[in-house]
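Engineer: Would you be able to build a 3D model of this:
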Amino acid sequence: IYTCTTTGARLTQVTDDAAPDLHGVWSPDGDSLAFHSKRDGDWDIYVRDAVTGDETAIVDTPAWEYLPCWSPDGERIAYQSDQEGNVGIYIADADGANAERVTDGRYTDYHPTFSPDGRYITYQSKRGADCDVYLLDLQTGEETNVTRSPSTFDGWAHWSPDGEWLAYERCRSGEGDVCVIRPDGSDMRVVVPGAGYNSHPTWSPDGALIAYHSHEDGMWDIYTVEPDGSNRARVTRSAYCEWWPDWVPVPR
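Structural biologist: Just a heads-up that it's a prediction; the model follows:
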């Protein structure tokens with residue numbers, strides 16, 4: 001896992017292990033980095049202390065656990081796991097204790113993200129031939145299909161900081177669009193059209209930019225764009241593949 005500025009400068013390696021470390025996400029205070037790694041032969045959830053560099057496996061089972069995300073208060077981590085057979089969404093304390101499955105197990109549910117107020121999580125769910133973005137009310141248990149698109153694969157949703165929008169990937173005919181939509185499913189629009197397969201959008205902490213990864217220039221690189229689709233910029237330009245951007249919430 002690496003960090004850099006939005007111009008691609010100051011590229012810095014953060015984790016360094018022989019096993020792959022993927023999908024780094026910063027805690028709201030910027031003091032910890034959660035990620036999944038295959039260090040013990042299966043995918044587990046780790047947390048790295050940004051000050052000391054200490055890394056701890058907080059969820060370590062024989063199953064595969066991956067794609068962590070932090071609650072807005074930093075007290076909980078949601079992730080996906082196949083420990084009960086099919087992939088579902090779990091929420092645990094930030095140290096991995098008190099893990100609980102929050103999706104009902106009938107479908108394949110993955111990639112959770114918390115809403116800014118912590119009341120909801122979104123995730124993508126594969127139900128038959130469809131994959132859509134769903135919203136789960138953690139207080140009532142009510143589930144809502146947000147994207148409701150039978151002809152596309154919709155996923156990798158991420159909340160805007162004000163909670164008014166979701167950015168997500170819409171995959172159709174082998175191409176991926178970065179789109180935004182209201183949490184109630186209204187006002188969908190395409191921000192980055194699909195040439196090059198654009199995926200995994202994440203909002204900046206101030207809501208001014210969306211970062212995503214794309215293959216539009218022949219390599220997987222990180223890009224940024226304004227939410228209205230303007231001022232698209234390539235961030236990374238290395239000989240390697242860069243995926244799954246996230247934003248450091250405070251200067252470090």
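Engineer: rest of the way, CA atoms for contacts and neighbours
Structural biologist: Will do.
Engineer: Below-threshold pLDDT in the protein: ranges please.
Structural biologist: For the chain, residues meeting the criterion pLDDT under 70 lie at 250-252.
Engineer: what's across from the residue nearest to Asn86 when sequence neighbours are not counted in the sheet?
Structural biologist: Using CA to CA, 6 or more residues apart in numbering and skipping residues adjacent in sequence, the residue nearest Asn86 is Thr108, 6.2 Å away. Thr108 has these beta-bridge partners by DSSP bridges: Lys126.
Engineer: Next one: Thr108 relative to Gly85, how far apart?
Structural biologist: 10 Å (CA to CA, to the nearest Å).
Engineer: which is the next helix or strand following the one helix or strand Gly176 maps to?
Structural biologist: Per DSSP states H and E, Gly176 falls inside strand 175-181. Helices and strands here follow DSSP H and E; after strand 175-181, the next one along the chain is strand 189-192.
Engineer: Name the strands paired with whichever helix or strand comes after that following strand and say parallel or antiparallel.
Structural biologist: Going down the chain from strand 189-192, the next helix or strand is strand 198-203, by DSSP H and E. With DSSP bridges as the test, strand 198-203 is paired with strand 210-214 (antiparallel).
Engineer: Need the contact partners of the next helix or strand along the chain from the partner strand.
Structural biologist: Counting by DSSP H and E, the next helix or strand C-terminal to strand 210-214 is strand 221-225. If you take CA atoms under 8 Å, 6 or more residues apart in numbering as the criterion, strand 221-225 is touched by 6, 209-215, 231-237, 241-243, 245.
Engineer: Give the buried subset of the residues you listed as a ChimeraX selection command.
Structural biologist: Burial among the contacts of strand 221-225 is assessed by 16 or more other CA atoms under 10 Å; the matching ChimeraX selection reads:
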select :6,209,210,211,212,213,214,215,232,234,235,236,242,243,245
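Engineer: show me the contacts for Asp49.
Structural biologist: By CA under 8 Å, 6+ apart, Asp49 lies in contact with Asp31, Ser32, Leu33, Glu55.
Engineer: I misspoke; the intended subject was Tyr2.
Structural biologist: Going by CA under 8 Å, 6+ apart, Tyr2 touches Leu11, Thr12, Gln13, Val14, Thr15.
Engineer: Swap in 6 Å and give it another go.
Structural biologist: Taking CA atoms under 6 Å, 6 or more residues apart in numbering, we find Tyr2 in contact with Thr12, Gln13, Val14.
Engineer: can you check Ala233 too?
Structural biologist: Tyr223, Thr224.
Engineer: Try it again at 8 Å.
Structural biologist: Contacts of Ala233 by CA under 8 Å, 6+ apart are Tyr223, Thr224, Val225.
Engineer: try Trp156
Structural biologist: Counted by CA under 8 Å, 6+ apart, Trp156 has contacts His111, Tyr123, Gln124, Val133, Tyr168, Glu169, Ser199, His200, Pro201.
Engineer: Can you show me the CA trace of the helix or strand it falls within as PDB?
Structural biologist: Using DSSP H and E, the element containing Trp156 is strand 153-159. Extracted in PDB, the C-alpha atoms of strand 153-159 (Å, rounded to 0.1, in the frame of the first residue of the first chain):
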ATOM      1  CA  PHE A 153     -23.400  -4.500 -12.700                       C
ATOM      2  CA  ASP A 154     -23.600  -1.800 -10.000                       C
ATOM      3  CA  GLY A 155     -21.200  -1.700  -7.100                       C
ATOM      4  CA  TRP A 156     -18.300  -0.100  -5.200                       C
ATOM      5  CA  ALA A 157     -20.500   2.600  -3.700                       C
ATOM      6  CA  HIS A 158     -19.000   5.300  -1.600                       C
ATOM      7  CA  TRP A 159     -20.800   8.100   0.300                       C
END
